[in-house]
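[1] sequence plus the predicted model coming up.
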Amino acid sequence: MAGNTCSNARVYMDCIAQQLQLVNDLAIDKATRAIFDAWRGDRRVFIYGNGGSAHSASHWALDLMKTAAIDGQPRLKAVSLADNIGTLTAVGNDISFDEIFRYPLHAYAEEGDVAVAISCSGNSANVVNASEWAHTHGMTCITLTGFNGGKLRECGDINIHVPSDNYGVIEDIHMACGHMVAQGLRHMILAAQEAKVTTW
């Protein structure tokens, strides 16, 4: 496994705390705003990543759809492209593993939708390919990266970067960012609901 590792729990906790201070909170808030705009415009949010980041994509999609939900308001249309094993294996086997996210994105996404790409290295070809496609087809592209950001860091309209070389730390913070975005989105939807009631 490439990357650094921690020798014990306290070292890991200290590393998490240190890295959190280096993450740009304004980028997280900007990502939340972009996803709120997607919700307000009845657009969709597609999330994707490999390995641990595939599970993070699934968790992001769950939280954006459910945790952010307000009774009486539409649910955000958040989808993890990592969840359909049939699509992943069919495209990977018949075409290329590098196309497993771009292929369904091409099929489902429309201009005005949002792509959320998660990659610790920032150099996963399938994540970069999908993000480049999203960026050039009218989608807002949010990228989450680690290490030095790789190619993915340059693909996004909004980049949330964790400058660590520890996969676990990067993945934990990417997941925490998902919680921050979902909770921030919930408050934005609630504020929009209250503002609409006030103007009546």
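    Thanks, I have it. Numbers count the residues shown, from 1 in each chain.
[2] alpha carbons only for contacts and neighbour counts from here, please
    OK.
[3] can you show me the strands along this protein?
    Assigned by DSSP state E, the strands in the chain fall at 44-49, 77-80, 114-119, 140-145, 158-161.
[4] what is the third one packed up against?
    Meaning strand 114-119. helix 25-40, strand 44-49, helix 52-62, helix 125-136, strand 140-145 (3 or more CA pairs under 8 Å, 6 or more residues apart in numbering; DSSP states H and E).
[5] also the last one?
    Packing contacts for strand 158-161, counted by 3+ CA pairs under 8 Å, 6+ apart, involve helix 25-40, strand 140-145.
[6] tabulate the ones you listed (a markdown table), appending mean pLDDT and distance to S7.
    Supplementary listing: the helices and strands packed on strand 158-161 in a markdown table, determined by pLDDT from 0 to 100; distance: least, CA to CA, whole Å:
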| stretch | mean pLDDT | distance to S7 |
| --- | --- | --- |
| helix 25-40 | 98 | 28 |
| strand 140-145 | 98 | 23 |
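[7] most packed of those?
    Most buried of the helices and strands packed on strand 158-161 by mean neighbour count (mean count of other CA atoms under 10 Å) is strand 140-145; its value is a mean of 27.
[8] about what we covered before: ok, which of the helices and strands packed on strand 158-161 comes nearest A182?
    Nearest to A182, of all those, is helix 25-40, at 7.6 Å by CA to CA.
[9] what's in contact with the closest one?
    44-45, 75-77, 112-114, 140, 142, 158-160, 177, 180-182, 184-185, 188-189 (CA atoms under 8 Å, 6 or more residues apart in numbering).
[10] switch to 10 Å and redo it
    Contacts to helix 25-40, defined as CA atoms under 10 Å, 6 or more residues apart in numbering, come from residues 41-45, 64, 74-78, 112-116, 140-144, 157-161, 177-178, 180-189, 192.
[11] what's the PyMOL line that selects buried ones from these?
    Selecting the buried subset of the contacts of helix 25-40 in PyMOL, with 16 or more other CA atoms under 10 Å as the burial test, is done by:
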select buried, resi 43+44+45+64+75+76+77+78+112+113+114+115+116+140+141+142+143+144+158+159+160+161+177+178+180+181+182+183+184+185+186+187+188+189
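[12] return the distance of A115 relative to M188.
    With distances taken as CA to CA, to the nearest Å, A115 is found 20 Å from M188.
[13] make CSV from the strands of the chain and add distance to I173 to it.
    Shown next, in CSV, are the strands of the chain (distance: least, CA to CA, whole Å):
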stretch, distance to I173
strand 44-49, 15
strand 77-80, 18
strand 114-119, 11
strand 140-145, 10
strand 158-161, 10
